[in-house]
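**Q** below is the sequence, then the predicted model.
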Amino acid sequence: MSQVHFQAPPVTRINKLILIATGVLFLVSSILKAIGAFAPVSFLGLSGSGLFTGFVFQLVTYPFVEVQLLSFLFNSLVVWFIGSELESQWGSKVYLRFLLVTVVLVGLVYSLVGLLFFFGTPFFYNPLHGLSGINFALLIAYSILYPDRQMSMMMIFPMNARTFCYILAGIEVYMALFSSFATSWAHLLAMGISYLLIRFQTNPMVKKVLRSGWPSSGRSGPKRSGKKHLYVVKDEENKPPKYWQ
């Protein structure tokens, strides 16, 4: 009888740093909460009130703040499995820029909307936090690059990556309209930014933001002379997905 062997991908460099930072902050938050002390989420999470009072660092710290165990575990697994494969394909530098562009743009739009339309309301003061936005961006990128890869909804229902992400997007739209307004709209925004970055990867502006001036990734192969560019290549089966190299 044949057996199916599951092998987890190795944790890549950027994702290892993300998981370590998130794990440390989660542990510190749990300890401080247990003793009734200061909650890091109120300082490191992103809010319009915090950003516009000078806490600019919140634009990059808010994804690393997890406050619930199940959320921390699930989000960490997505970063490990999905993020590590994308980082290994794109290289660490392109992958890092992809994450930074997504995180900062989501943070800016979230804060500006709070300032312009919800000033003085809980939306303006409640902090956005957690890896969920990054995860949705990674899943959208993965579904575009590997649309026919098999994934499992709730570890039970097999489906291809494109269908899986359509379902996730539909759930977030429902949540945005009828339930958790703020966080779900931030997740949808992360999905949209990810979609645009992947779909328009050959656009000169996107190439400049994600690749300009960087050396090629550390993977083995012949060195290219001259100015560095994005090269659109195909996977091992000579089919889509296309990805940055």
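**A** Alright, I've got the coordinates.

**Q** when you work out contacts or count neighbours from here on, use the C-alpha atoms and nothing else.
**A** Noted.

**Q** in what helix or strand does the residue sitting nearest the centre point of the chain lie?
**A** Of all residues in the chain, the one closest to the mean position by CA atoms, centre = their mean is Ile134, 1.7 Å from it. For Ile134, the element it lies in under DSSP states H and E is helix 132-145.

**Q** what comes up buried for that helix?
**A** Residues 132-145 are the ones in helix 132-145 that count as buried (16 or more other CA atoms under 10 Å).

**Q** save those residues as TSV, and put in pLDDT and distance to Val94 too.
**A** Output for the buried residues of helix 132-145, formatted as TSV (pLDDT from 0 to 100; distance: CA to CA, whole Å):
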residue	pLDDT	distance to Val94
Ser132	93	20
Gly133	93	18
Ile134	95	15
Asn135	93	17
Phe136	93	18
Ala137	95	14
Leu138	94	13
Leu139	91	17
Ile140	93	16
Ala141	93	13
Tyr142	92	15
Ser143	90	18
Ile144	90	17
Leu145	89	15
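
**Q** ok so, going back, correct me, but the residue nearest to the centre of the chain touches Tyr62?
**A** No - counting by CA atoms under 8 Å, Ile134 stays clear of Tyr62, with 10.7 Å between them.

**Q** do a quick rundown of the strands in the protein.
**A** 150-153, 157-160, 232-234, 242-244 (DSSP state E).

**Q** for the second one, which positions count as buried?
**A** By 16+ other CA under 10 Å, the buried positions in strand 157-160 come out as Asn160.

**Q** average model confidence for it?
**A** For strand 157-160, mean pLDDT is 79.

**Q** CA atoms of that strand as PDB?
**A** Taking C-alpha atoms only, strand 157-160 is exported to PDB below (Å, rounded to 0.1, in the frame of the first residue of the first chain):
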ATOM      1  CA  PHE A 157     -12.000  19.900   1.700                       C
ATOM      2  CA  PRO A 158      -9.500  19.700  -1.100                       C
ATOM      3  CA  MET A 159      -9.600  22.400  -3.800                       C
ATOM      4  CA  ASN A 160      -7.200  24.300  -6.000                       C
END
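
**Q** counting by contacts, list what that strand packs against.
**A** Counting by 3 or more CA pairs under 8 Å, 6 or more residues apart in numbering; DSSP states H and E, the packing neighbours recorded for strand 157-160 are strand 150-153.
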